[in-house]
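**Student:** How does the following fold in three dimensions:
(2 chains)
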Amino acid sequence: MDSRKIIVFTNKANRRLKLQFWVKLLQIAVSIGLAAALLVFLVSRLSVFPYYGFYAYCAAVLSIIIFCIWNIRHMPRRKQAIAELDEFTPHNQLLTLTQLPADHQFRADLTAKTEKELHLSYQLFKKERNEWFLPKSLLISLGLAVLLLLSGLFPAAAQLEAKEQEQELEIMEEIVEEVQKQKELADSPLVKEQLESLEERLEDSETPEEALRELVKKQKELELQKKEKMDQDSEVAQHEAEELNDASSQLAKQAGKTQTALSEMGKPVAFDLQQALAANELAENLQDSKDSDAESEDGSDDESAPESSSDGEQGNSAGSEGEGTSGSESPEQAGSEEAGAGQGESGSGAAPGEGEGHSEGEGQGQDGEGAGMGTGAGAGQGSRELLTIPSRLGGGADPTLDNGELSEGAEGSFEEGPVNAERGTVRPYQNMVGAYSDSYFSSAQRMKLPPDLQNIVEQYFSAIESD
Amino acid sequence: MTVTAEQFTEMSTKIQQVREEIGRFIVGQEEAVEFSLYAILSDGHALLEGLPGLGKTMLIRTIAEVLDLSFSRIQFTPDLMPSDITGTSLLERDSAGRQQFTFREGPIFSQMVLADEINRATPKTQSALLEAMGEKTVTVLGDTKKMARPFFVLATQNPIEMEGTYPLPEAQMDRFICKIKIPSPTRDQMAEIVRRTTGSQEIQLVKMMDATELIAAQQLAKEVLIADDILMVAVDIIQQTDPSRTDLEDIKRFVQYGSGPRGLQSLIRTAKARALADGRYHVSIGDLKYVAKPVLRHRMLMNYEGEAESADIDGLIGLVLDAAGRGNSR
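**Tutor:** The predicted model follows:
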């Protein structure tokens, strides 16, 4: 075909047909994609199918791509464009012309005739081949989209469960990622080895709680190893201890995150695990507190240092002696006594306070000595850490700090059964426990303790009330 | 053979003049005239089907006269012998007194032959005619004679009065390039027929072409081009008539045998003749569709169900044409 005019018109027809082809193909492809997505949604309604949303999306996209690729062979070619345009050319002139040998005697004559007709032919072609939409496909797509929307708005029980599983899997994945990240950061072969073993165990874990348990276990192991290394004098050991400490603290943070995530899902972890995690957190807080104290001291030495450097920490820790309850009987208590700031049993208490190094808190409580307990107003200064972390759970070196001033208080006594009650003096234990726990809960809320810590407190009071 | 577009145009004009001249005497029957001419141009033979008295003989006689061809009419009867058609060798004495066999040509040796009511003759006689139609030769006592050129047979069949007839076998029907139906004239046409034939005024027909020009026209028809894609449309049409190859349910249901290669040849030749008559040197899909019904209607054999339900063969061909390829809208 040597006529430029004919080539131009056939190219135009070809482009138009291709465009129409893709427009129509995509309409069908979208229907098929939506149908595939709906199918996945339907399956996810019947059986628990984590990440069903993602799979539905993938099914839709894949279906569309596969359908388009499969049908690309039907895409109009130039020959088809000629045939289609020829339908509007008198007596199939265009088709005959394209199939005539180049040196045929009628070629020139036929070309001239076709050129004359082609403009009108193309106009007719455009008018007649003007179908762009496939109403059937569009209606089907609309119907499928509505069904998908309804399925998304009203998820089935299996879908909700699948969502939970997704969250659990994400939590587990996050743990694994953190472990891998720590493994990459670690230089020490010991740390790497420990983290690798953790990774293997995590891979075998089926639930986030299992993974969390493994994580905490490993974190405690690292903690112990750190202590061992710290006892050694070599530089290598100290370096390893540092790395172990870093890895341990990162794992502890991750464990805390995981616990929070599980709590948000309404799946609190087992009590023992909660305790272990609480111990971690407290140990960390203690460490922070120590650090802040140290910084604070440094700050007082240096007048030019900004006061604000210790404000927050100091404010929080300088609570009055609050409502007290018996503390743990941990060996660390001895440490506190040695520091001269503690008593036989430290009470737990909290008081919000603000200020530069000093704050005043109010609270109900009564200091006691020995196994003392009671109510009463108290005021104190200084930092107090009121929960003891057992060393078996990886507690810090000296968790029971009490830097507050000792308050005056009489030694308490304990009497079983109904006794003559007198305010401020002797009260029945049974009556006392309820008021004590209520008082503690209100303090805990005021202090905005994390949910997991609140759980520990609740469980503690449940336990002693049931006794 | 080198041909030019102008030759096609000139021939088209001439054919148009022939048609007009025939139309001066034959009232209506446009399709019969048109397809008779296409059959002649494509060097084939036609089968006419119509009731007696519709002007079949007059039609072929008129065509022969306008084309300036020799004409003969054979009335087929059950006692008609093959030699009555082909001619025979007679023992004759020459001027020297010697006896020798001399071949006396039968009516088949005319350029245009009207085989009236061909289904009334015995199969033996029918086959003598059909052989001449196919081979364009006649063999008598071992001596093969060539037929005059152009040679055109127009056979008629009476669709009623089937008693005492020998319907043509399908294989022999296939030798006719097309089967033309002669419809009954309309009211106005009947009045016009009476006006033209019962008065004292005689219509003098003018010879518009002669045998040489007709042969040239036949040759020109063969030069008509057909694009490969259009040829494939013709092939599709033929295949769709075959119940074992068609996708059409009605064809599968009503047709026992469809058309074959000879049908395809006839379709192309007739389409070329139409293109030539239209002044074109190339066949269009429209040509194929236009000539398909007369070309294919006698090549498709109905099955029992088709006969029982009186399925319309033209309707079935219409379905085939719709399915085989898109027509040209211009």
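
**Student:** Need the pLDDT of A:Tyr436.
**Tutor:** Looking at A:Tyr436, its pLDDT stands at 77.

**Student:** B:Ala96 now?
**Tutor:** At B:Ala96, pLDDT is 84.

**Student:** measure it to A:Leu190 for me?
**Tutor:** 139 Å (Cβ to Cβ, to the nearest Å). No exception for glycine: its C-beta is placed from N, CA and C like everyone else's.

**Student:** B:Thr86 reaches B:Ala132, doesn't it?
**Tutor:** Yes - counting by Cβ atoms under 8 Å, B:Thr86 does reach B:Ala132; the two are 6.9 Å apart.

**Student:** Name the residues contacting each of those two.
**Tutor:** B:108, B:138 (Cβ atoms under 8 Å, 6 or more residues apart in numbering or on different chains).

**Student:** Low-confidence stretches in the chain?
**Tutor:** Here I'm looking at chain A. Chain A contains residues with pLDDT under 70 at A:1-2, A:279-427, A:445-452, A:466-467.

**Student:** that's the other chain; I wanted chain B
**Tutor:** For chain B (pLDDT under 70), the answer is B:1, B:160-162, B:325-330.

**Student:** which residues in it form helices?
**Tutor:** B:5-25, B:30-41, B:56-66, B:82-86, B:123-135, B:170-173, B:187-197, B:211-222, B:228-240, B:249-254, B:261-277, B:285-296, B:304-308, B:313-324 (DSSP state H).

**Student:** can I get those helices in CSV with mean neighbour count and distance to A:Asp246?
**Tutor:** Below are these laid out as CSV (neighbours: other Cβ atoms under 10 Å in any protein chain shown; distance: least, Cβ to Cβ, whole Å):
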stretch, mean neighbour count, distance to A:Asp246
helix B:5-25, 17, 94
helix B:30-41, 22, 100
helix B:56-66, 22, 111
helix B:82-86, 20, 118
helix B:123-135, 20, 104
helix B:170-173, 14, 99
helix B:187-197, 13, 111
helix B:211-222, 17, 97
helix B:228-240, 20, 78
helix B:249-254, 17, 80
helix B:261-277, 23, 88
helix B:285-296, 25, 83
helix B:304-308, 13, 91
helix B:313-324, 19, 79
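
**Student:** Check which helices and strands the longest helix along chain A sits against.
**Tutor:** Longest helix in chain A, counting residues (DSSP H): helix A:4-46. Under the contact definition 3 or more Cβ pairs under 8 Å, 6 or more residues apart in numbering or on different chains; DSSP states H and E, helix A:4-46 sits against helix A:52-71, helix A:78-86, helix A:93-98, helix A:107-128, helix A:135-153, helix A:157-185.

**Student:** Surely B:Gly260 and B:Ile238 touch.
**Tutor:** Yes - taking Cβ under 8 Å as the definition, B:Gly260 is a contact partner of B:Ile238 at 7.2 Å.

**Student:** what does stretch A:103-119 rub up against?
**Tutor:** Stretch A:103-119 is contacted by residues A:2-3, A:5-6, A:9, A:85, A:89-90, A:93-94, A:96-97, A:100-101, B:2-5, B:225, B:281-282, B:330 when judged by Cβ under 8 Å, 6+ apart.

**Student:** Kindly write the PyMOL command that selects the buried subset of these.
**Tutor:** Filtering these down to the buried ones (16 or more other Cβ atoms under 10 Å in any protein chain shown) takes a single PyMOL command:
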select buried, (chain A and resi 3+6+9+85+89+90+93+94+96+97+100) or (chain B and resi 3+5+225+281+282+330)
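
**Student:** mind listing what the spatially closest residue to A:Ala59 that is not a sequence neighbour touches?
**Tutor:** With Cβ to Cβ, 6 or more residues apart in numbering or on different chains as the criterion, A:Ala59 has its nearest non-adjacent residue at 4.1 Å, and that residue is A:Ala36. Neighbour list for A:Ala36: A:56, A:59-60, A:62-63 [criterion: Cβ under 8 Å, 6+ apart].

**Student:** neighbour-wise, which of the residues you listed leads?
**Tutor:** A:Ala56 (25 neighbours; other Cβ atoms under 10 Å in any protein chain shown).

**Student:** I figured it was touching A:Ala35, is that so?
**Tutor:** No - with contact defined as Cβ under 8 Å, A:Ala56 and A:Ala35 do not form a contacting pair (10.9 Å).

**Student:** Show me how the chain divides into domains.
**Tutor:** No chain in the question, so chain A it is. Using automatic domain parsing, the domain ranges for chain A come out as A:4-153, A:164-269, A:289-339+A:349-404+A:413-466.

**Student:** Oops, wrong one, chain B.
**Tutor:** Split by automatic domain parsing, chain B gives B:5-214, B:225-324.

**Student:** residues in contact with B:Met173?
**Tutor:** B:47, B:179, B:298-299.

**Student:** Contact residues of chain B facing chain A?
**Tutor:** With Cβ under 8 Å from any Cβ of the partner chain as the criterion, chain B meets chain A at residues B:2-5, B:225-230, B:275, B:278, B:280-287, B:326-330.
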